[in-house]
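[1] Below are the sequence and a predicted model; questions follow.
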Amino acid sequence: MPALRGVLHLCAAAQWTAALTWDTSGAYAGLGDASNATTWARVVAVDAWLRRGGPQPAHWAARGRGALGDGWAPLSNASAKTVWRTTLGGTSPVVVKALVDHARSYGSAHSRDHAREAHVTEIASEILYLELCRGLPGVPALHGGWLDAAGRPSYVVAAAGDRITTSPVGRYAALARSRPLDLAAALLECFWSFSERGGFFLDDFALSQFAYAVGSDEAVGSDGAITVSLVDAPKILAPSPAYDLLSSFPRPHAIDAAPRPCAGGDACPISHRSHCCCCEGGGGSPCVPPPCKAGSRGAPESKGLCKKGLCAPLSSATHAFDVAARAWALPFVTAASGRGKSRDARRATAFLKDLTRRLAAYDAASRPSLSDALGAVARFRRGDFSRPRAK
């Protein structure tokens, strides 16, 4: 624990007071039923464990390796984290993520310290994100975590399912053909949870960061609920009450999206090449090779948009564009739905085309919010074919 405390420092009490005013209401009823007080009491407990040597939170089921199964299958070994798949309680599939040993990964002491500081902050931010957004659709359940003798954190989350692929013969494609509205709603819920409701932003955008599942491993075509999950934690986006917490880390896993003055497009930064589908510099010029899947587009503001003397900010409206402009998201579902011959399939396809077009509007203020888009899907299912409203 001393090594971790040496990197992180405590938030001011005033920041917690401000954070407790976070409004948990949402335009899309029925999602996220945890109360403010419960959510933040848990977050405080996690923060105290991470940064002040406090006990592991009482609501965690996994507080050490002993709670997990004996078989650990390696999934990845990257520069920041190593990842394994195992079980909790003998049956529930879970994923364990642990901070790498930087003494083995980096040569110089300066490089080790720099990487360690960034990666400790990243993994601690991931744990806090999972606790902040606990219970929301598309947020894997956090089961617990522990610190090793050197103070390096590990944490345990529920397995989120299978990786999304766009193979026309794959299971994801089969869901898009047979249950397009359910899959579209699951995609919208995922983005709504972490961005519009949670106040986070995913800038290092990649298809491998998402997974999907159907009920309890039920067959395609069944009535099992479809879930699309983000398996890598996004960054906290300012302005947001939770930003006061996570931006206090020494190398914050955060984005300050406050408007800044500009004189032209080149004066505004891009979000990330894999998010904007563009290159560094050059006002969002195309990259060779392209950083995004063919057919995907980045939102105008993600490419560095100067508008009326200010850089257009990143926001949940940017992610509304993303879900409508990534080749594997709503465009893929809409195309698969269009292969249906029934009247209901044609009607659903027309609805999804219109929704996708509106979400991908050039002007962020003209796009429906993600909660309004979810409301439109729910109304369409009830036979109300009205369009989602713009902001």
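    Nice, I can see it. Residues are numbered from 1 along each chain as shown.

[2] And for Ala185, the neighbour number?
    24 (other C-beta atoms under 10 Å). Where C-beta positions appear, they are placed from N, C-alpha and C, glycine not excepted.

[3] what about the closest residue to it other than its chain neighbours, distance to Ala327?
    Sequence neighbours aside, Val377 is the residue nearest to Ala185 in space, at 4.9 Å (criterion: C-beta to C-beta, 6 or more residues apart in numbering). Using C-beta to C-beta, to the nearest Å, Val377 is found at 20 Å from Ala327.

[4] Which of the two has more residues huddled nearby?
    Remark: of Val377 and Ala327, Val377 carries more neighbours, 21 against 16, as counted by other C-beta under 10 Å.

[5] hey, what's the closest residue to Gly161 other than its chain neighbours bridged with?
    Counting by C-beta to C-beta, 6+ apart, Gly161 lies nearest to Ala213, which is 3.0 Å off, once chain neighbours are set aside. Beta-bridge partners of Ala213, counted by DSSP bridges, are Thr227.

[6] For Ala213, which residues are in contact?
    Ala160, Gly161, Asp162, Ile226, Thr227, Ser229 (C-beta atoms under 8 Å, 6 or more residues apart in numbering).

[7] give me the number of residues near the second one?
    It stands for Gly161. 20.

[8] Surely it and Ala211 touch.
    Yes: between Gly161 and Ala211 there is a contact under C-beta atoms under 8 Å: 4.5 Å.

[9] Touching both of the two, which residues are there?
    In contact with both Gly161 and Ala211: Ser229, using C-beta under 8 Å, 6+ apart.

[10] what about the strands in the stretch 201-350 of the chain?
    Secondary structure of the stretch 201-350 of the chain (DSSP state E, counting those that start in this stretch): strands located at 210-214, 226-230, 235-238, 254-256, 306-307, 310-311.

[11] Let me know the secondary structure of Gly144.
    Three-state call for Gly144 (DSSP: H, G, I helix; E, B strand; the rest coil): strand.

[12] what do you get for the one 10 residues further on?
    Under the three-state scheme (three-state DSSP), Ser154 adopts strand.

[13] Tell me how far it lies from Trp328.
    Taking C-beta to C-beta, one finds Ser154 at 30 Å from Trp328.

[14] Looking only at neighbour counts, state which of these two leads.
    Using other C-beta under 10 Å as the criterion, Ser154 and Trp328 rank with Ser154 on top: 21 against 18.

[15] who's the nearest residue to Trp60 once chain neighbours are set aside bridged to?
    Spatial nearest neighbour of Trp60, excluding adjacent residues (C-beta to C-beta, 6+ apart): Gly144 at 3.4 Å. Beta bridges link Gly144 to Ala62, Val156, judged by DSSP bridges.

[16] ok, Gly144 - contacts?
    Counting by C-beta under 8 Å, 6+ apart, Gly144 has contacts Gln56, Pro57, Trp60, Ala61, Ala62, Arg63, Ala67, Tyr155, Val156.

[17] Would you confirm that Thr356 contacts Phe332?
    No: contact between Thr356 and Phe332 fails when scored by C-beta under 8 Å: they sit 10.4 Å apart.

[18] Which residue of the two possesses the greater neighbour count?
    Set Thr356 next to Phe332 and count neighbours by other C-beta under 10 Å: Phe332 wins out with 22 against 19.

[19] helices and strands of this protein: which one has the lowest mean pLDDT?
    Least confident helix or strand, the chain: helix 13-19 with a mean of 27, by mean pLDDT, DSSP states H and E.

[20] mind showing which ranges of the chain have poor pLDDT?
    Along the chain, the model assigns pLDDT under 70 to residues 1-35, 79, 101-117, 216-223, 239-242, 247-250, 265, 280-287, 385-391.

[21] any chance you could map the helices in it?
    2-7, 13-19, 36-52, 102-105, 109-132, 171-178, 180-191, 241-246, 273-276, 316-325, 330-337, 343-359, 370-381 (DSSP state H).

[22] Output the ones you listed in TSV, with distance to Thr87 appended to each entry.
    Listed next are those as TSV, based on distance: least, C-beta to C-beta, whole Å:
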stretch	distance to Thr87
helix 2-7	27
helix 13-19	35
helix 36-52	23
helix 102-105	28
helix 109-132	19
helix 171-178	22
helix 180-191	25
helix 241-246	31
helix 273-276	32
helix 316-325	32
helix 330-337	32
helix 343-359	37
helix 370-381	33
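
[23] Identify whichever of those lies nearest to Leu75.
    helix 109-132 (15.5 Å; C-beta to C-beta).

[24] how long is stretch 153-165 from one end to the other?
    31 Å (C-alpha to C-alpha, to the nearest Å).

[25] Tell me, how many residues neighbour the closest residue to Leu202 other than its chain neighbours?
    Leaving aside its chain neighbours, Leu202 sits nearest to Pro234 (4.0 Å; criterion: C-beta to C-beta, 6+ apart). By other C-beta under 10 Å, 24 other residues sit near Pro234.

[26] Verify the contact between Pro234 and Leu128 for me.
    No: in this structure, Pro234 is not within contact of Leu128 by C-beta under 8 Å, at 11.9 Å.

[27] if we can go back for a sec, could you dump the contacts of Ala213 into a markdown table with distance to Val139 added?
    Formatted as a markdown table, the contacts of Ala213 follow (distance: C-beta to C-beta, whole Å):
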| residue | distance to Val139 |
| --- | --- |
| Ala160 | 9 |
| Gly161 | 13 |
| Asp162 | 17 |
| Ile226 | 15 |
| Thr227 | 10 |
| Ser229 | 7 |
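
[28] For these, pick the one with the most neighbours.
    That'd be Ser229 among those, by other C-beta under 10 Å, with 24 neighbours.

[29] wait, what's in contact with the closest residue to it other than its chain neighbours?
    What sits nearest to Ser229 in space, not counting adjacent residues and going by C-beta to C-beta, 6+ apart, is Ala160, at 3.9 Å. The contact partners of Ala160, by C-beta under 8 Å, 6+ apart, come to Val95, Pro140, Ala211, Tyr212, Ala213, Thr227, Ser229, Val231.

[30] With that, I have no additional questions.
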